[in-house]
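J.: Task: produce atomic coordinates for the following.
(2 chains)
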Amino acid sequence: GIQVEQSPPDLILQEGANSTLRCNFSDSVNNLQWFHQNPWGQLINLFYIPSGTKQNGRLSATTVATERYSLLYISSSQTTDSGVYFCAVEVRGGGATNKLIFGTGTLLAVQP
Amino acid sequence: NAGVMQNPRHLVRRRGQEARLRCSPMKGHSHVYWYRQLPEEGLKFMVYLQKENIIDESGMPKERFSAEFPKEGPSILRIQQVVRGDSAAYFCASSQGAGNTIYFGEGSWLTVV
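T.: The predicted structure is shown next:
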């Protein structure tokens, strides 16, 4: 099956710093989403980004589907950015199945 | 506009009991997915359902686990005769269909004692 690898596995930042998280996937995918799981366990949609670049406030994401990777940029990080960041790719299974395969996650801790 | 609603948020069961987790998809969504997150791991796909149909259950354990999405009412994930290894967060998600954003609920945390 498809492999989804994220790097780095964990990251510690000082408040105000910038960071780039990477997601590599081993096969062609239909779509890709980025999620933030906060310390309370909630999963929050960040981006739905099968290709190209999107921006939302301090966050932006770029997916290069032909090269099988996606990047999530966090600028001017805040303590509320702490948590685990997952990328998930949508694969086409048998018949009409569309499901997300999650990456290994990046654990981010932003220190004041 | 309510999002994906899951209940209960937290559930404690003794070994051998049954656990039932419920999920109401977002309004207008007819596709429901269940995922499991074991401690300190990523989310793993379990099952994909549309109204009254199981489309893909390739991620479901072969025994004790079942899921349904009836014509009326929420989707139910049922775990019979729970064991300690079933302790996990169970997330439900919904979408309008293929190629659309998948939205997750806040999860149901099952603890088996």
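J.: C-alpha from now on. contacts and neighbour counts both.
T.: Fine.
J.: what's in contact with stretch B:68-75?
T.: B:22-25, B:32, B:49-54, B:67, B:76-77 (Cα atoms under 8 Å, 6 or more residues apart in numbering or on different chains).
J.: residue ranges with poor pLDDT in chain A?
T.: For chain A, applying pLDDT under 70 flags the ranges A:92-98.
J.: which bits of chain B sit near chain A?
T.: Residues of chain B lying near chain A by Cα under 8 Å from any Cα of the partner chain: B:33, B:41-45, B:48, B:55-56, B:98-99, B:101, B:103-107.
J.: Just the buried residues out of the residues you listed, in PyMOL syntax.
T.: To isolate the buried ones among the residues of chain B next to chain A in PyMOL, judged by 16 or more other Cα atoms under 10 Å in any protein chain shown, type:
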select buried, chain B and resi 33+42+43+44+45+48+55+56+98+101+103+104+105+106+107
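J.: Show me where chain B has its strands.
T.: B:5-7, B:10-13, B:19-24, B:31-37, B:43-50, B:53-56, B:65-68, B:75-79, B:88-95, B:103-104, B:108-112 (DSSP state E).
J.: Could you dump those strands into CSV with mean pLDDT and distance to A:Phe86 added?
T.: Listed next are those as CSV, based on pLDDT from 0 to 100; distance: least, Cα to Cα, whole Å:
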stretch, mean pLDDT, distance to A:Phe86
strand B:5-7, 96, 21
strand B:10-13, 97, 23
strand B:19-24, 98, 22
strand B:31-37, 95, 12
strand B:43-50, 93, 9
strand B:53-56, 90, 23
strand B:65-68, 97, 25
strand B:75-79, 98, 24
strand B:88-95, 95, 14
strand B:103-104, 90, 13
strand B:108-112, 97, 19
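J.: Quick one, which of the ones you listed gets closest to A:Thr62.
T.: strand B:103-104 (20.2 Å; Cα to Cα).
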